[in-house]
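>>> Sequence and predicted structure, then a few things I'm wondering about:
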Amino acid sequence: MQVAICIITRRRPEGLARLLHSLEEISVPEGVGVHVVVVENDIPTDAPPPGCSLPLRHVFEPEPGIPAARNRSLEIALENPDTDAVAFLDDDETVDREWLAALCRGREASGTAVTTGPAIPRFPTGSPAWAEASGVYQPPRYPTGTRRPWAFTHNTMIDAEPLRRGGFRFDEAMRHGGGSDKEFFRRIVDAGHEITWVDDAIAFEWYPIERIGMGWVFRRSYRLGTNALHAEGLSGIRGRGTLLFRAGRFGIRGLLRGAASIIHPSVAAARACWDLGRACGLVAGVLGRRYEEYAERHAG
């Protein structure tokens, strides 16, 4: 079995180096080969990638936007006829030593095309206590073997065969607003494939200090709300009604959490920001508005 580990990046050499170093330390199951594909979403330069002892292919994708870079990484991974599976990681992550072995075990046990696991947050020194206590940075987790309706590129492995046969690619219309990974894996499920959660296939997401703030929490949740309609494949009055109902639930919960601020003010405020951001984003998405969070990464 040959696994291509795909990473896209843009002007984050320290984070990329940290991730590549963690990949050098992973436990690779017997009979599994690994190679790494790094796509720089930027104008080509002569700068080499950080050193890595694993076989590595490094290219540039000048077309701006996360989906374009992800599609380029897929093309490179799949042009090798020996590639049996493609794994995705983000450039602000590291992985547990047993990460790949756990994904491979989950793949073998479930027989599903996609296996995915958690991205556990890691905070810098000096972060406020509410960042961890509030849970707003902590993604949901599920028992191993749970079937999921979608996955994300921060920790996922997918068989190459359905990618080749089905021609699945990331939607480049979702250039800067995020959600193209959720939409991509939702289409794979719609085509009849399954996604299995593997809770011990652990990646770690490293947050910089500038992302530890109430405003960032609100904006991130807002952005997730704005792209839900497209990412989840909803349409028409029924789809919009579903999202408006969900917005109402988030809004009510956010107000209730805000009212609890007397007891644990910072924790309650962070949770309220998350819920109210999602409520506002869902309404904005239904109205056709977008929040292009990643556009600033391509400014200049």
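Structure received.
>>> Report the rounded mean pLDDT for stretch 277-285.
Summarised as a single mean, pLDDT over stretch 277-285 is 95.
>>> pull the longest helix from this structure.
Longest helix in the chain, counting residues (DSSP state H): helix 236-259.
>>> for the stretch 1-150 of the chain, what spans make up the helices?
13-24, 66-79, 99-110, 130-133 (DSSP state H, counting those that start in this stretch).
>>> Which among these is found nearest to residue 165?
Closest to residue 165 of the helices of the stretch 1-150 of the chain, according to C-beta to C-beta: helix 66-79, at 11.0 Å. Backbone N, C-alpha and C define where each C-beta goes, glycine included.
>>> Show the model's pLDDT score for residue 257.
Per-residue confidence (pLDDT) for residue 257: 87.
>>> so where is the protein shaky, pLDDT-wise?
261-263, 293-300 (pLDDT under 70).
>>> mind giving me the domain split of it?
2-211, 214-298 (automatic domain parsing).
>>> Would you format those domains as TSV with mean neighbour count included?
Shown next, in TSV, are those (neighbours: other C-beta atoms under 10 Å):
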stretch	mean neighbour count
domain 2-211	18
domain 214-298	18
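>>> re earlier: give me the next element, helix or strand, following the longest helix of the chain.
Sequence-wise, the next helix or strand downstream of helix 236-259 (DSSP states H and E) is helix 265-286.
>>> other SSEs contacting that following helix?
helix 130-133, helix 214-226, helix 228-231, helix 236-259 (3 or more C-beta pairs under 8 Å, 6 or more residues apart in numbering; DSSP states H and E).
>>> Out of the ones you listed, the one nearest residue 160 is which?
Residue 160 lies closest to helix 228-231 among these, at 23.4 Å (C-beta to C-beta).
>>> Distance from that closest one to the middle of the chain?
With C-alpha atoms, centre = their mean, to the nearest Å as the basis, helix 228-231 stands 15 Å off its chain's centre.
>>> Kindly report the same for stretch 193-204.
Per C-alpha atoms, centre = their mean, the centroid offset for stretch 193-204 relative to its chain is 12 Å.
>>> contacting residues around the closest residue to residue 170 other than its chain neighbours?
Spatially, and ignoring its direct neighbours in sequence, residue 170 is nearest to residue 67 (3.8 Å; C-beta to C-beta, 6 or more residues apart in numbering). Residue 67 sits next to 169-175, 180 when contact means C-beta atoms under 8 Å, 6 or more residues apart in numbering.
>>> before we move on, what about residue 120?
Counted by C-beta under 8 Å, 6+ apart, residue 120 has contacts 138-139, 202-205.
>>> can you list the helices and strands packed on helix 265-286 in CSV and add distance to residue 106?
As requested, those are exported to CSV (distance: least, C-beta to C-beta, whole Å):
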stretch, distance to residue 106
helix 130-133, 27
helix 214-226, 26
helix 228-231, 24
helix 236-259, 29
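>>> mind checking which of these is nearest residue 44?
Minimum separation from residue 44 across the helices and strands packed on helix 265-286 (C-beta to C-beta) falls at helix 214-226, 29.1 Å.
>>> could you say what helices and strands the closest one packs with?
Partner elements for helix 214-226 (3+ C-beta pairs under 8 Å, 6+ apart): helix 265-286.
>>> quick one, which of the helices and strands packed on helix 265-286 is nearest to residue 150?
Residue 150 sits nearest to helix 228-231 of all the helices and strands packed on helix 265-286, at 7.7 Å, using C-beta to C-beta.
>>> State the distance from residue 185 to residue 63.
22 Å (C-beta to C-beta, to the nearest Å).
>>> what do you get for residue 16?
Residue 16 is 20 Å from residue 63, by C-beta to C-beta.
>>> re earlier: widest-spaced pair of the contacts of residue 67?
Across the contacts of residue 67 (C-beta to C-beta), the longest gap, 13.5 Å, separates 169 and 175.
>>> related to what we said a few turns ago, just put the helices of the stretch 1-150 of the chain in JSON lines and tack on distance to residue 118.
Formatted as JSON lines, the helices of the stretch 1-150 of the chain follow (distance: least, C-beta to C-beta, whole Å):
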{"stretch": "helix 13-24", "distance to residue 118": "15"}
{"stretch": "helix 66-79", "distance to residue 118": "20"}
{"stretch": "helix 99-110", "distance to residue 118": "10"}
{"stretch": "helix 130-133", "distance to residue 118": "15"}
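>>> Next up, the contacts around the closest residue to residue 132 other than its chain neighbours.
Leaving aside its sequence neighbours, residue 132 sits nearest to residue 123 (C-beta to C-beta, 6+ apart; 6.4 Å). Counting by C-beta under 8 Å, 6+ apart, residue 123 touches 131-132, 137, 207, 212.
>>> Ok, residue 191 next?
The contact partners of residue 191, taken as C-beta under 8 Å, 6+ apart, are 162, 166, 168.
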